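J.: Would you be able to build a 3D model of this:
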Amino acid sequence: RQFTTATTLDPAFGDAWAQLSRLWTLSYLLIRPTAEAASQARDAATRAQQLAPGSPHTAIARGVYAMVVEEESERGLEILRAGRRHSPNSVDLVIFEGLGLREVGRGDEAITAFLNHLAVEDRVSASTQNQALNAIVFLYRRVLGRDVPQLGELVRARKPRRLPVARKPSEARSVLSRRD
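T.: Modelled structure (predicted):
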């Protein structure tokens, strides 16, 4: 209701159209798969694409619509990936791409994409990426009781270079003189 009000008050509000499309798509998926819900979701996603083509919300709306209503998972994934190329720091796009990959039986790619996103886009420390990887291993082994899927090309976060402590010339002479 709020997004319908937002689009009525400001018909040029692209992100509101995108969110409205997602709601209609969820309605189609979870409540009733009617032609009206499919049509409303498609029309809202089309309007979002016209108004905000580079918005991560638009990419999510279009990708989810393709996956759920049109039942074209690969096309939906490609829309989400294109959105990530345009908005690489969108956590929502990373999450929806991961859900899409899991849906088509490629959860291992989702895990790799997430860990690579941490290293490349978020530029987290090596210890943060390792902690995320260890949490995933714990989830699979201890909670789910399953083997950890094979991970693809994992980009490792870089360990920071440690710079030597700078000394004043007088301090260096003092240290060297005590070497005897």
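J.: Need the nearest residue in space to the spatially most central residue of the chain, chain neighbours excluded.
T.: The centroid of the chain falls nearest to V94 when counting by Cα atoms, centre = their mean (1.1 Å). In space, and not counting its chain neighbours, V94 is closest to H117: 5.2 Å by Cβ to Cβ, 6 or more residues apart in numbering. Quick note: C-beta positions are derived from backbone N, CA and C, even for glycine.
J.: Can you check what pLDDT the model gives that neighbour?
T.: According to the prediction, H117 has pLDDT 82.
J.: ok, the residue nearest to the centre of the chain touching I111?
T.: No - under the criterion of Cβ atoms under 8 Å, V94 makes no contact with I111, lying 11.4 Å away.
J.: residue contacts, the residue nearest to the centre of the chain?
T.: V94 makes contact with R84, A113, F114, H117 under the criterion Cβ atoms under 8 Å, 6 or more residues apart in numbering.
J.: so what's E70 up against?
T.: For E70, the contact set (Cβ under 8 Å, 6+ apart) comprises G76.
J.: What's the separation between it and S174?
T.: Distance, E70 to S174, by Cβ to Cβ, to the nearest Å: 75 Å.
J.: go on, R102?
T.: With Cβ to Cβ as the criterion, R102 and S174 are 62 Å apart.
J.: Between the two, which has more neighbouring residues?
T.: Neighbour count, other Cβ atoms under 10 Å: between R102 and S174, R102 has more, with 14 against 11.
J.: of all the contacts of V94, which two lie farthest apart?
T.: Farthest-apart pair in those is R84 and F114; separation 11.7 Å (Cβ to Cβ).
J.: can I have the strand or helix carrying the residue nearest to V94 written out in PDB, keeping just the CAs?
T.: H117 belongs to helix 107-120 when assigned by DSSP states H and E. Extracted as PDB, the C-alpha positions of helix 107-120 are listed here (Å, rounded to 0.1, in the frame of the first residue of the first chain):
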ATOM      1  CA  GLY A 107      24.800 -22.600  -4.200                       C
ATOM      2  CA  ASP A 108      28.600 -23.200  -4.400                       C
ATOM      3  CA  GLU A 109      28.800 -20.300  -6.900                       C
ATOM      4  CA  ALA A 110      26.800 -18.100  -4.500                       C
ATOM      5  CA  ILE A 111      29.200 -18.800  -1.600                       C
ATOM      6  CA  THR A 112      32.200 -18.000  -3.800                       C
ATOM      7  CA  ALA A 113      30.500 -14.900  -5.200                       C
ATOM      8  CA  PHE A 114      29.800 -13.700  -1.600                       C
ATOM      9  CA  LEU A 115      33.400 -14.300  -0.400                       C
ATOM     10  CA  ASN A 116      34.800 -12.700  -3.500                       C
ATOM     11  CA  HIS A 117      32.500  -9.700  -3.000                       C
ATOM     12  CA  LEU A 118      33.900  -9.300   0.500                       C
ATOM     13  CA  ALA A 119      37.500  -9.300  -0.800                       C
ATOM     14  CA  VAL A 120      37.100  -7.300  -4.000                       C
END
